[in-house]
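Undergrad: After the sequence you'll find the predicted model.
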Amino acid sequence: MAFNPLEQRGIPLDRQVRNWRELDVEPIDPDRCDPYTRCRIITMNGIEVEAILFSHQLARNTVDPDVKRQLAQTRYIEAQQQKVVNWLLPGVSSILETTIAYEQVAVDLTAWVARMEPDPYLKQAYQFGVLEDFDHLYRYANLYEMIEHRKAESIVDNLTEVIPGRPTKYHHRHPYDNVRDPYDRTTTNPLSKLHALTVMSAEQQTMNFYMNTGPTCMEPIARQLYQEIGLIEEEHVTHYESLVDPGETWWEQLVNHEYNECYLYYSFMEQESDPKVKAVWELHLNMELEHLHLACDLMRRHDGRDPASVLAPELPNVLTFEPNKAYVRELLDTQLDLTTLGAGYVREAHERFEQMQARLNGGEEPPSERVMARHGEVFGREYRLETEGPHPDPALREKTGGKNGGKTGGKTREK
């Protein structure tokens, strides 16, 4: 039977506050856990952070003290949920190890969403973004081997390949060209709303993580790489948040947020392999069901609409963390040379793109290229995790000496 969160009641809100002992969860073992358990934890932390930030923004834009109080009560529970979820991550992991896990999330979450997205324009937005996060994973993996002398397969296992994507140096676009067209809230598939909110939240979390942890690195090349990719994450948040219809009311956005939390906790509960983590997903789902009903009551009261008119009548098929190697390789073969122009995509390095590149780089190679050159000087090769054969693009197949093949993204590719 399909699961309809609108028909399910959860734990009453006044019974949801947990004490310190209940909040003190045991973290996962980084050496023995399923890498996708770590990915689910990172994803749900991003979702909870977005829920908290959105609730604060809504509270700042309402004059009704009763609404402010209800939002504050629910938001406190969301804050406890965020602490529990994020504290499942082990303190023994280094910043770079957590970073590589973040990029694995970005690759396999966004690739899965792209595969399942019913709207062609939205699908293209996710396909475009995943090739950039894929390259970030590759750059950080090389930095990781160079600084910590460990290999990224200890984190991603063999679930996600580590090979070049669209080269990071070509991700720097004029801000105008990072703004996409939004979906139409009145006609779009409810699943598309969940996809957009999920990927936006995940990218926002990565942006926040890099802007705060980057300067804590000691090595100058690491600080520089976090600065560069942190700016690209800003572009990605702009890219994904602009997909959301700005015509959605505050109350419509609120129920979308709560429904999405129910969807993801249910999805992850269904596939979680770690019993202790699965218990967290199940508990939080039962909390979120009540949050959803409270949000629906606010929408009926302030929007005068039935939330069922904007929400899916049942949860979609569960969002699944799984390998997307063949799909990513198909994108590498067909979309590597895309850049953006306005709200669309082109294969030419147009004037605005080239001006931005010249202004930002100032005639020098960016940190993402210098990392690879430095790694090549130390090891005489790149770090890669190729499990499915040579790179789909001959120009990006491995060469010694730290060069990444010199692929010029934004240029028309000869076939």
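TA: Looks like it came in fine.

Undergrad: Look at residue 151 and say how many residues are nearby.
TA: A total of 14 residues lie near residue 151 under the criterion other CB atoms under 10 Å. Where C-beta positions appear, they are placed from N, C-alpha and C, glycine not excepted.

Undergrad: Leaving out sequence neighbours, find the closest residue to it.
TA: Take residue 151 and drop its neighbours on the chain: the residue closest to it by CB to CB, 6 or more residues apart in numbering is residue 145, 6.0 Å away.

Undergrad: Next, count neighbours for residue 249.
TA: Counted with other CB under 10 Å, residues neighbouring residue 249 total 14.

Undergrad: all strands of the stretch 251-400 of the chain, in order?
TA: Taking DSSP state E, counting those that start in this stretch, the strands of the stretch 251-400 of the chain run over residues 339-341, 344-346.

Undergrad: which one of those strands is the most hemmed in?
TA: strand 339-341 (a mean of 21; mean count of other CB atoms under 10 Å).

Undergrad: which residues of the protein score low on pLDDT?
TA: 1, 400-415 (pLDDT under 70).

Undergrad: mind redoing it with 80?
TA: Scanning the chain for pLDDT under 80 picks out the ranges 1, 399-415.

Undergrad: Which stretches in it count as helices?
TA: Under the criterion DSSP state H, the chain contains helices at 20-23, 35-59, 65-86, 95-116, 120-148, 153-156, 190-213, 220-241, 250-271, 275-303, 325-334, 351-361, 367-379.

Undergrad: Serialize those helices to JSON lines and add fields for distance to residue 10 and mean neighbour count.
TA: JSON lines is the format used below for the helices of the chain (distance: least, CB to CB, whole Å; neighbours: other CB atoms under 10 Å):
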{"stretch": "helix 20-23", "distance to residue 10": "17", "mean neighbour count": "9"}
{"stretch": "helix 35-59", "distance to residue 10": "15", "mean neighbour count": "22"}
{"stretch": "helix 65-86", "distance to residue 10": "11", "mean neighbour count": "18"}
{"stretch": "helix 95-116", "distance to residue 10": "25", "mean neighbour count": "24"}
{"stretch": "helix 120-148", "distance to residue 10": "30", "mean neighbour count": "23"}
{"stretch": "helix 153-156", "distance to residue 10": "34", "mean neighbour count": "20"}
{"stretch": "helix 190-213", "distance to residue 10": "19", "mean neighbour count": "22"}
{"stretch": "helix 220-241", "distance to residue 10": "28", "mean neighbour count": "21"}
{"stretch": "helix 250-271", "distance to residue 10": "9", "mean neighbour count": "23"}
{"stretch": "helix 275-303", "distance to residue 10": "3", "mean neighbour count": "20"}
{"stretch": "helix 325-334", "distance to residue 10": "35", "mean neighbour count": "16"}
{"stretch": "helix 351-361", "distance to residue 10": "48", "mean neighbour count": "14"}
{"stretch": "helix 367-379", "distance to residue 10": "45", "mean neighbour count": "19"}
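
Undergrad: Residue 12 is nearest to which of the ones you listed?
TA: Among the helices of the chain, the nearest to residue 12 by CB to CB is helix 275-303 (6.4 Å).
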